[in-house]
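A.B. asks: The sequence and its predicted three-dimensional model are supplied below.
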Amino acid sequence: MTQIKIPKLAPMLSVRNGAKAVDFCKSAFGARELFRIEAPDGAVVAQLAVGESEFWIADESPKHLNFSPESLSGATTRFVLVVEDPDAAFQKALKAGAKSVSPVQNHEYGWRQGRVVDPFGHHWEIGKPIS
């Protein structure tokens, strides 16, 4: 049995069509699927990891007050994905179906970074500190 380090914090993304969202994260960000439950109606709850960072994806459930960005007409959070090659990771996300919000560029605050929005409405800032 795996020992869980406590405390541990991992966000859960509410989406419409969780199965497609899992596939998108695998394709766009190289996510690994660690755990998955699929209901008879196709609703999914899945635990994913990118590098050492873990997060969850679940189909929205309005009766439990879990809404996707599509239902809210916008997201309440952004994710910062720190990678060695922001330009390549940004292009990979676009190829997987994300849309560009702002291109990868050097910023005056010392980061090379761009932002995409995934097909499910979540924003991902992809970048790294400029050394």
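C.D. replies: Alright, I've got the coordinates.
A.B. asks: C-alpha from now on. contacts and neighbour counts both.
C.D. replies: Fine.
A.B. asks: now this protein, which segments are flagged as low pLDDT?
C.D. replies: 1-2, 4 (pLDDT under 70).
A.B. asks: now the helices: where do they sit in it?
C.D. replies: Assigned by DSSP state H, the chain shows helices spanning 18-29, 69-72, 86-96.
A.B. asks: okay, the angle between the longest one and helix 86-96?
C.D. replies: By that I understand helix 18-29. 150 degrees (axes from the mean of the first three to the mean of the last three Cα atoms, to 10 degrees).
A.B. asks: start at 578 instead
C.D. replies: That works, and once the first residue is 578, the last one we named lands at helix 595-606.
A.B. asks: buried residues in helix 595-606?
C.D. replies: By 16 or more other Cα atoms under 10 Å, the buried positions in helix 595-606 come out as 595, 596, 598, 599, 601, 602, 603, 604, 605, 606.
A.B. asks: Spell out, range by range, the strands that occur in the protein.
C.D. replies: 589-592, 609-615, 621-627, 630-636, 655-659, 676-683, 688-694, 700-706 (DSSP state E).
A.B. asks: Export the ones you listed as JSON lines, with columns for mean neighbour count and distance to residue 580.
C.D. replies: Compiled in JSON lines, these are given as follows (neighbours: other Cα atoms under 10 Å; distance: least, Cα to Cα, whole Å):
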{"stretch": "strand 589-592", "mean neighbour count": "23", "distance to residue 580": "21"}
{"stretch": "strand 609-615", "mean neighbour count": "14", "distance to residue 580": "15"}
{"stretch": "strand 621-627", "mean neighbour count": "21", "distance to residue 580": "16"}
{"stretch": "strand 630-636", "mean neighbour count": "19", "distance to residue 580": "15"}
{"stretch": "strand 655-659", "mean neighbour count": "15", "distance to residue 580": "26"}
{"stretch": "strand 676-683", "mean neighbour count": "16", "distance to residue 580": "38"}
{"stretch": "strand 688-694", "mean neighbour count": "22", "distance to residue 580": "34"}
{"stretch": "strand 700-706", "mean neighbour count": "21", "distance to residue 580": "30"}
